[in-house]
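# what follows is a predicted protein model with its sequence.
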Amino acid sequence: MKLKEVKILDLVTYGPNKLFDITDHCIEVSEKVREGFLTIFSKGSTGAIVVLPSGKEIKESYERSLWDLVPVYGWQHPGNAYAHLRSTLIGTSHIIPIVENQLLIPEQSIYFLENQPVTRRHRKIIIQAIELT
């Protein structure tokens, strides 16, 4: 295996429950690899990486449904316990196979999910393409 390409994406977000499409950045990195895989990692403990079917309706439905996943209030740890739990349940990373320079996610999009109730939060997303040699 060989690390072929790395991109560190500085994403400005707001939330909670907002999805930010990072698909084009992932495709750009994956095109450097013929056969291998793409890793996407969100630095921090309250964001998440999500792969969903493409489409505005799916995205909006997912954002609304997150309110029911983990309640915001009622935790002994005040503040952002729900954001940590959502991130743990959903995941801070994702691995996607690359075959013939294409990500194997037809008709799907890759998103960063902001779980924190903040405005203008700077997030680092590390995207790596690894080639099988």
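Now that the structure is in, tell me what you want to look at.
# and the strands in the protein?
With DSSP state E as the criterion, the chain has strands at 2-14, 18-21, 35-42, 47-53, 93-99, 102-103, 108-114, 119-131.
# each with direction, which strands does the shortest one pair with?
According to DSSP bridges, the neighbouring strands of strand 102-103, each with its direction, are strand 93-99 (antiparallel).
# kindly report the same for the first one.
According to DSSP bridges, the neighbouring strands of strand 2-14, each with its direction, are strand 119-131 (antiparallel).
# and the partner strand, what's buried?
Within strand 119-131, the residues that qualify as buried by neighbour count (16 or more other C-beta atoms under 10 Å) are 121, 123, 125, 127-131. The C-beta positions use only the backbone N, C-alpha and C, and glycine is treated the same way.
# quickly list what the most centrally placed residue in the chain is bridged to.
Taking C-alpha atoms, centre = their mean as the criterion, Ile49 is the residue nearest the geometric centre of the chain, at 2.1 Å. On the basis of DSSP bridges, Ile49 is bridged to Phe112.
# in this structure it contacts Ser109, no?
No: counting by C-beta atoms under 8 Å, Ser109 is not a contact partner of Ile49; they are 11.5 Å apart.
# related to what we said a few turns ago, with distance to Tyr62 added, can I get the strands of the chain in TSV?
Compiled in TSV, the strands of the chain are given as follows (distance: least, C-beta to C-beta, whole Å):
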stretch	distance to Tyr62
strand 2-14	16
strand 18-21	7
strand 35-42	16
strand 47-53	6
strand 93-99	15
strand 102-103	20
strand 108-114	8
strand 119-131	18
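# quickly list what Gln108 is bridged to.
Bridge pairing for Gln108 - DSSP bridges - gives Pro53.
# these two touch, right, it and Gly55?
No: Gln108 sits out of contact with Gly55 when judged by C-beta under 8 Å, with a separation of 9.8 Å.
# nice, that's everything, thank you.
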